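Undergrad: Here is a sequence with its predicted model. Questions after.
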Amino acid sequence: MSITNDQKANVLEIKTAQGIKYISKNRLIYIKAKNRDTMLLLNNSDRIFTKHLIKWYEKFLFNPEFFRCHNSYIVNCRYFDWLCSCEIILKEQIRIPLSRNRKKSFKENLILLEQDFL
């Protein structure tokens, strides 16, 4: 698994068991880690499974657009809908756990993201 030459590129090159996939960061809703595997959920409901740690993705998915809200999750904040006490609700009612230690940082991240639109 690698990324194109420019680390801020908008396309990830993902190595899967079936081969290599190229995915636009805009299509990525969230990443979920389970043991040493990760699952990427795309905006067309496709799921991509890889054998890489979630930490690898953090190198290429930058704030404020992406945020690691829990030990097992990275979310695309552009799909954010609303926030409740211990969960992030993404569009289409996708519920993602929010670590209480990261809640304040997540709120600050959302403010930065909104300021980018101004």
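TA: Looks like it came in fine.
Undergrad: quick one, what contacts residue 100?
TA: Residues near residue 100 by Cβ atoms under 8 Å, 6 or more residues apart in numbering: residue 86. C-betas here are computed from N, CA, C, even on glycine.
Undergrad: quick one: which helix or strand includes it?
TA: Using DSSP states H and E, residue 100 is not contained in any helix or strand.
Undergrad: Distance check, it against residue 66.
TA: With distances taken as Cβ to Cβ, to the nearest Å, residue 100 is found 20 Å from residue 66.
Undergrad: CA atoms only: put the helix or strand hosting residue 56 into PDB for me.
TA: Element membership for residue 56, per DSSP H and E: helix 54-58. Only the C-alpha atoms of helix 54-58 are listed here, as PDB (Å, rounded to 0.1, in the frame of the first residue of the first chain):
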ATOM      1  CA  ILE A  54      -5.100   2.400  11.100                       C
ATOM      2  CA  LYS A  55      -2.000   4.300  12.000                       C
ATOM      3  CA  TRP A  56      -0.700   4.000   8.400                       C
ATOM      4  CA  TYR A  57      -3.700   6.000   7.200                       C
ATOM      5  CA  GLU A  58      -3.100   8.800   9.700                       C
END
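Undergrad: Can you name the next helix or strand after that helix?
TA: Sequence order places strand 66-70 as the next helix or strand after helix 54-58, per DSSP H and E.
Undergrad: returning to that earlier point: I'd like the average pLDDT over the helix holding residue 56.
TA: Helix 54-58 carries an average pLDDT of 92.
Undergrad: which parts of stretch 73-81 are buried?
TA: Of all the residues in stretch 73-81, those buried under the rule 16 or more other Cβ atoms under 10 Å are 73, 74, 75, 76, 77, 78, 79, 80.
Undergrad: my bad, stretch 25-32
TA: The neighbour-count check on stretch 25-32 (16+ other Cβ under 10 Å) flags 25, 27, 28, 29, 30, 31, 32 as buried.
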